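**Q** Just need the structure, nothing else, for what follows:
(one chain, ligands or ions: 1)
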Amino acid sequence: MSQTTTSAGSRAIEIRGVARWFDDVKTGGRYTAIQDVDLTVRPGEFLSIVGPSGCGKSTLLHMVAGFEPPSAGEIAVRGHRVDRPGADRGVVFQSELAVFPWLTVERNVEYGLRVRKVPAPQRQARVSDVLRLVGLEAHRDKYPRQLSGGMKQRVQIARVLANDPDCMLMDEPFGALDAQTRMRLQDELVRIWQAKVKTVVFVTHDVSEAVYLSDRVAVMSPGPAARVKSVVEVGLPRPRRRDDPEFLRLTSMLTSELHHEREDDDGRQ
Ligand SMILES: Nc1ncnc2c1ncn2[C@@H]1O[C@H](COP(=O)(O)OP(=O)(O)OP(=O)(O)O)[C@@H](O)[C@H]1O
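**A** A predicted model of the protein is given here:
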């Protein structure tokens with residue numbers, strides 16, 4: 001990251017006027033995936049991004065991660081412009097391929113700490129701490145092929161937490177899991193988030209998952225030129241119940257918001 005652009009204040013992540021387009025080498029034209037995206041994420045907040053398939057959720061998250069630059073606009077994390085990946089932002093992907101198959105659970109989790117040359121005693125303490133937090137202590141010597149899909153996602157989460165980032169950026173991390181495992185991991189994620197007080201940005205297709213987990217839910221419009229069309233506050237206390245009438249009302253409201261393109265800009269921020 002480079003120069004300070006804004007005072008961090010109450011903004012963990014600030015996305016201002018961001019667009020991303022891709023050149024089509026065959027036609028010489030370009031495809032504008034997202035345009036004019038404005039979104040502020042507060043420190044310690046759990047914010048989900050929902051949107052139709054292909055609208056640009058992953059593209060937006062990858063830009064916050066610093067994997068690719070915006071074509072226009074600016075992204076700042078704690079007041080610093082993002083221009084590359086950084087240890088302050090940890091990314092959890094949908095695919096279990098993000099876990100190194102040739103390393104044990106412990107080695108996977110320790111990986112970032114080794115790269116940063118954290119001394120062995122500190123490394124071991126940190127790894128034990130996060131393995132305990134994600135419930136993988138008993139599996140530390142196993143290889144990924146010996147783990148279930150849910151356990152592999154826990155390895156990814158533990159690996160991110162070991163680096164103690166300010167924000168966790170999660171790209172449909174539970175998308176490939178069966179419904180029961182998914183719900184269990186949602187509960188675990190809330191517990192971990194509450195224990196570690198990280199800012200979390202969570203991309204999902206699943207409105208109910210977003211309402212269950214989040215402080216606020218940002219809804220994107222369909223692409224091309226997708227934008228954040230509204231941001232909805234979820235005021236429900238935790239632990240949440242999926243059969244709570246207010247939970248069901250919010251889920252149904254967000255579902256219709258997602259499926260109906262609205263031209264007004266009321267909810268933009
Ligand atoms: N490297 C690229 N080159 C060209 N087009 C791209 C590239 N990456 C993404 N796109 C296009 O940008 C749009 C947004 O893609 P993205 O994967 O961010 O959407 P998404 O909302 O995360 O989708 P899904 O919910 O299906 O995972 C899509 O139309 C996609 O085809």
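**Q** Up against the ligand, what does the stretch 1-150 of the chain have?
**A** With the criterion set to C-beta under 6 Å from any ligand atom, the stretch 1-150 of the chain comes near the ligand through 22, 31, 33, 51, 53, 54, 55, 56, 57, 58, 59. Using the backbone N, CA and C atoms, a C-beta is placed for each residue, glycine as well.
**Q** The last one contacts residue 31, correct?
**A** No. Residue 59 sits out of contact with residue 31 when judged by C-beta atoms under 8 Å, with a separation of 10.9 Å.
**Q** And those two? Which one has more around it.
**A** Under the neighbour definition other C-beta atoms under 10 Å, residue 59 and residue 31 were set side by side, and residue 59 has more, 20 against 13.
**Q** Which other helices and strands does whichever helix or strand the more buried one is part of contact?
**A** Using DSSP states H and E, residue 59 sits in helix 57-65. On a contact count with 3 or more C-beta pairs under 8 Å, 6 or more residues apart in numbering; DSSP states H and E, helix 57-65 meets strand 13-23, strand 30-41, strand 46-50, strand 72-77, strand 89-92, strand 167-171, strand 199-204.
**Q** could you pull out the helices for the chain?
**A** Remark: helices assigned in the chain by DSSP state H are 57-65, 105-115, 120-134, 149-162, 179-196, 207-213, 245-259.
**Q** can I get these in JSON lines with mean pLDDT?
**A** Output for the helices of the chain, formatted as JSON lines (pLDDT from 0 to 100):
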{"stretch": "helix 57-65", "mean pLDDT": "97"}
{"stretch": "helix 105-115", "mean pLDDT": "95"}
{"stretch": "helix 120-134", "mean pLDDT": "94"}
{"stretch": "helix 149-162", "mean pLDDT": "93"}
{"stretch": "helix 179-196", "mean pLDDT": "92"}
{"stretch": "helix 207-213", "mean pLDDT": "97"}
{"stretch": "helix 245-259", "mean pLDDT": "95"}
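**Q** And the ones you listed: which comes nearest residue 15?
**A** Nearest to residue 15, of all these, is helix 57-65, at 7.2 Å by C-beta to C-beta.
**Q** what's the angle from the closest one to strand 30-41?
**A** 60 degrees (axes from the mean of the first three to the mean of the last three C-alpha atoms, to 10 degrees).
**Q** contacting residues around helix 57-65?
**A** Here helix 57-65 makes contact (C-beta atoms under 8 Å, 6 or more residues apart in numbering) with 13, 15, 18, 20, 33-34, 37, 49-51, 68-70, 75, 77, 82, 85, 89, 91, 167, 169, 171-172, 201, 203, 220.
**Q** let's see 6 Å
**A** For helix 57-65, the external contacting residues (C-beta atoms under 6 Å, 6 or more residues apart in numbering) are 20, 33, 49, 51, 68, 70, 75, 85, 89, 91, 169, 171, 203.
**Q** Stretch 101-115 too?
**A** Against stretch 101-115 from outside (C-beta under 6 Å, 6+ apart): 99-100, 123, 127, 136, 139-144, 155, 158-159, 162-163.
**Q** Now rank the residues you listed by neighbours and give me the top one.
**A** Ranking the contacts of stretch 101-115 using other C-beta under 10 Å puts residue 155 first, with 28 neighbours.
**Q** you'd agree that one is up against residue 98?
**A** No. The criterion here is C-beta atoms under 6 Å, and residue 155 misses it with residue 98 at 9.0 Å.
**Q** coming back round to it: any idea which of the contacts of helix 57-65 is closest to the ligand?
**A** Closest approach to the ligand among those (C-beta to the nearest ligand atom): residue 33, at 3.5 Å.
**Q** hang on, that closest one packs against residue 221?
**A** No. Assessed by C-beta under 6 Å, residue 33 is found out of contact with residue 221, at 11.8 Å.
**Q** Look at the residue nearest to residue 67 when sequence neighbours are not counted and say how many residues are nearby.
**A** Take residue 67 and drop its neighbours on the chain: the residue closest to it by C-beta to C-beta, 6 or more residues apart in numbering is residue 85, 6.2 Å away. Per other C-beta under 10 Å, the neighbour tally for residue 85 reads 14.
**Q** neighbours around residue 154, how many?
**A** 28.
**Q** Which residue is the nearest non-sequential neighbour of it?
**A** Spatial nearest neighbour of residue 154, chain neighbours left out: residue 134 (4.4 Å); criterion: C-beta to C-beta, 6+ apart.
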